[in-house]
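[1] the sequence isn't on hand, but the structure is:
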């Protein structure tokens with residue numbers, strides 16, 4: 001059973017390309033006739049038989065002219081790929097269930113343009129582009145990301161049928177690219193924050209001293225902290241705002257795996273945590289993340305959000 005994959009691996013030169021840029025040499029390009037090409041050859045055979053049977057000089061000339069056209073088409077189809085240089089780019093992280101897009105830069109150093117190039121991963125959707133002579137182009141190749149973790153899209157199928165569609169030429173470059181896939185977020189109410197007294201802080205009557213500003217209310221906020229005077233100025237359109245104070249006992253929001261229902265399964269638990277991370281960042285709340293064997297201190301900002309989501313994506317892998 002292992003003979004066929006081994007033969008395909010040898011025949012199509014499958015394997016990761018460690019050196020960059022990837023150059024498509026003659027040994028890496030394969031070409032076969034398409035269905036239209038086979039039909040074209042059959043028609044030529046029928047025309048040749050008719051020309052021989054009826055001794056038609058013009059019939060022989062037409063057959064040989066069309067056969068020469070087919071051979072020239074095969075050469076142009078092959079030359080549309082040979083010498084192309086590929087440089088992989090960076091793929092942005094996505095959430096499970098979304099489409100990851102891997103950026104690839106194609107360089108054409110030859111004097112002829114490259115037309116109707118198709119790129120795809122496996123049997124997924126393809127993208128097409130043209131590259132002018134001596135120019136380069138950047139294309140984003142889509143690939144589904146069904147599950148969290150590290151996504152390896154595999155080798156790229158770079159193909160063309162230019163110019164007449166009689167021949168199909170392709171290659172299998174396999175750059176070392178990957179994409180981080182976050183858990184699919186599930187939006188639920190945030191857990192309640194806990195009051196933590198840090199060393200060197202003075203406590204007021206209720207653990208709140210200096211007013212620092214307002215923020216949007218979250219479902220877990222206490223109604224006693226709503227800024228009713230600010231809301232009353234425009235009660236019809238203004239959302240509920242919460243007073244924020246500095247000093248005394250600070251509130252920290254910890255997103256802990258232990259707070260999620262264990263009976264729902266690990267992937268659902270991680271999805272709940274991912275939803276909490278996004279909601280906490282949207283509310284501009286300082287939050288931390290606790291996972292078995294790893295802890296991220298409370299913070300906020302895009303970098304902290306990405307670090308928490310990355311920890312969720314790589315958990316258990």
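    Great, that's in hand. Values in this document were obtained by computation on a predicted structure and should not be read as measured data.
[2] where's the residue nearest to the spatial centre of the chain relative to residue 91, distance?
    Here the mean C-alpha position of the chain is nearest to the C-alpha of residue 100 (Cα atoms, centre = their mean), at a distance of 1.7 Å. Going from residue 100 to residue 91 by Cβ to Cβ, to the nearest Å gives 6 Å. Heads up, the C-betas are built off the backbone N, CA and C, glycines and all.
[3] which neighbours do the two have in common?
    With Cβ atoms under 8 Å, 6 or more residues apart in numbering applied, the overlap between the contact sets of residue 100 and residue 91 consists of residue 179.
[4] once you drop chain neighbours, what's closest to residue 105?
    Here the nearest residue to residue 105 in space, its sequence neighbours aside, is residue 87; by Cβ to Cβ, 6 or more residues apart in numbering that works out to 4.3 Å.
[5] got any ranges where this protein has weak pLDDT?
    Counting by pLDDT under 70, the chain contains low-confidence residues at 1-2, 4-15, 18, 194-225, 227-239, 243-251.
[6] now do the helices in the stretch 101-250 of the chain.
    In the stretch 101-250 of the chain, the helices defined using DSSP state H, counting those that start in this stretch lie at 228-232.
[7] list the buried residues in stretch 108-126.
    Of the residues in stretch 108-126, those buried under the neighbour-count criterion (16 or more other Cβ atoms under 10 Å) are 108, 114-115, 117, 119-121.
[8] equivalent analysis for stretch 29-43, please.
    Of the residues in stretch 29-43, those with enough neighbours to count as buried (16+ other Cβ under 10 Å) are 29-31, 37, 40.
[9] what's the span of that stretch from first residue to last?
    Across stretch 29-43, the terminal residues are separated by 27 Å (Cα to Cα, to the nearest Å).
[10] residues in contact with that stretch?
    Judged by Cβ under 8 Å, 6+ apart, the contacts made with stretch 29-43 from elsewhere in the structure are 12, 66, 70, 74, 77-78, 81-82, 161, 165-171.
[11] got the phi and psi for the residue nearest to the centre of the chain?
    In terms of degrees, to the nearest 10, the main-chain angles of residue 100 are phi -80, psi 150.
[12] separation between it and residue 292?
    In terms of Cβ to Cβ, residue 100 sits 28 Å off from residue 292.
[13] wait, the residue nearest to residue 105 sits on residue 137?
    No - the pair formed by residue 87 and residue 137 falls short of the contact definition of Cβ atoms under 8 Å, at 11.2 Å.
[14] what's the overlap in contacts for those two?
    residue 105.
[15] buried residues in stretch 267-277, which are they?
    For stretch 267-277, a neighbour-count test (16+ other Cβ under 10 Å) marks 268-277 as buried.
[16] over to stretch 298-314?
    Within stretch 298-314, the residues that count as buried by 16+ other Cβ under 10 Å are 298, 304-305, 308-309, 311-313.
[17] what's the answer for stretch 43-52, then?
    Buried positions in stretch 43-52, judged by neighbour count with 16+ other Cβ under 10 Å: 44, 47-48, 51.
[18] residue 132: which of those residues is nearest?
    Residue 132 lies nearest to residue 44 out of those, by Cβ to Cβ, at 34.0 Å.
[19] doesn't that closest one fall inside a strand?
    No - when the secondary structure is assigned by DSSP: H, G, I helix; E, B strand; the rest coil, residue 44 falls in helix instead of a strand.
[20] next up, the contacts around it.
    Residues near residue 44 by Cβ under 8 Å, 6+ apart: 63, 66-67, 70.
[21] top of those by neighbour count?
    With neighbours taken as other Cβ atoms under 10 Å, the top of the contacts of residue 44 is residue 63, carrying 21 neighbours.
[22] and the next helix or strand past the strand or helix carrying it?
    Using DSSP states H and E, residue 63 falls within helix 57-79. Taking DSSP H and E as the definition, the helix or strand that follows helix 57-79 towards the C-terminus is strand 85-88.
[23] how far does that following strand sit from its chain's centre?
    Relative to the mean C-alpha coordinate of its chain, strand 85-88 is positioned 17 Å out (Cα atoms, centre = their mean, to the nearest Å).
[24] coming back round to it: show me the buried residues of stretch 298-314 that map onto helices.
    Among those, the residues falling in helices (DSSP state H) are 304-305, 308-309, 311-313.
[25] what's the closest of these to residue 133?
    Ranked by distance to residue 133 (Cβ to Cβ), these are led by residue 313 at 42.2 Å.
[26] tell me the contacts of that closest one?
    Residues near residue 313 by Cβ under 8 Å, 6+ apart: 93, 148-150, 180-183.
[27] 6 Å instead, please
    Contacts here follow Cβ atoms under 6 Å, 6 or more residues apart in numbering; on that basis residue 313 touches 148, 180, 182.
[28] and for residue 173?
    The contact partners of residue 173, taken as Cβ under 6 Å, 6+ apart, are 22, 86, 156.
[29] what's across from the first one in the sheet?
    I take that to be residue 22. In this structure, residue 22 has beta-bridge partners residue 86, where bridges are defined by DSSP bridges.
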